[in-house]
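J.: The amino acid sequence is not available; the structure is as follows:
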């Protein structure tokens, strides 16, 4: 929510969080974009969001790819300027802690936030219990 707030204030590029263009096409943010296993992968969280939290919002001086981590998850056309333009806003909230599992050496199987949580298609379906409506994600 914090990232969405700073996007609305113009401090972060909308493409980093909106994920799709006006035609519904996915922005090429991650290396596995278009891959059959993309929705099950955790490349968006690892490559994009962790860099936003721990290396953009948390770092004063960021100029090149070496200032970021998890770059193996980023698409070859990813615009690094989207990260470097994010202002340093840290007051300790984005400090990297051991319990964040935010080390590059942490295996994907240990910490996974699958892409379908961000890129899934919202649909309405009827829940049989009480005929209540709820949103679900199609993967």
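T.: Done, it's in. For clarity, every value in this text was computed on a predicted model and none was experimentally measured.
J.: pLDDT score for the residue lying closest to residue 11 once chain neighbours are set aside?
T.: Closest residue in space to residue 11, ignoring its immediate chain neighbours: residue 87 at 5.7 Å, by C-beta to C-beta, 6 or more residues apart in numbering. Heads up, the C-betas are built off the backbone N, CA and C, glycines and all. In this model, residue 87 is scored at 90, pLDDT.
J.: Test my guess that residue 87 contacts residue 10.
T.: No: in terms of C-beta atoms under 8 Å, residue 87 does not count as a neighbour of residue 10; the distance is 10.5 Å.
J.: If you count surrounding residues, which of those two has more?
T.: A count of neighbours by other C-beta atoms under 10 Å puts residue 87 above the other of residue 87 and residue 10, at 11 against 8.
J.: and that one, how far is that from residue 18?
T.: For residue 87, the distance to residue 18 (C-beta to C-beta, to the nearest Å) stands at 19 Å.
J.: Show me where this structure has its strands.
T.: Listed from the start of the chain, the chain has strands (DSSP state E) covering 121-126, 133-138.
J.: Compare the ones you listed and say which comes out lowest on pLDDT.
T.: Note on these: lowest mean pLDDT is at strand 133-138, with a mean of 45.
J.: could you measure residue 43 against residue 71, distance?
T.: Here the criterion is C-beta to C-beta. By it, residue 43 lies 11 Å from residue 71.
J.: Which one's more surrounded, those two?
T.: Taking neighbours as other C-beta under 10 Å, residue 43 and residue 71 compare with residue 43 leading, 24 against 14.
J.: what sits against the more buried one?
T.: Residues in contact with residue 43, defined by C-beta atoms under 8 Å, 6 or more residues apart in numbering, are 30, 31, 32, 73, 115.
J.: which residues make contact with the longest helix along the chain from outside it?
T.: What stands out as the longest helix in the chain, according to DSSP state H, is helix 2-8. With C-beta under 8 Å, 6+ apart as the contact definition, helix 2-8 has outside contacts at 12, 13, 14, 16, 17, 18, 49, 52, 86, 89.
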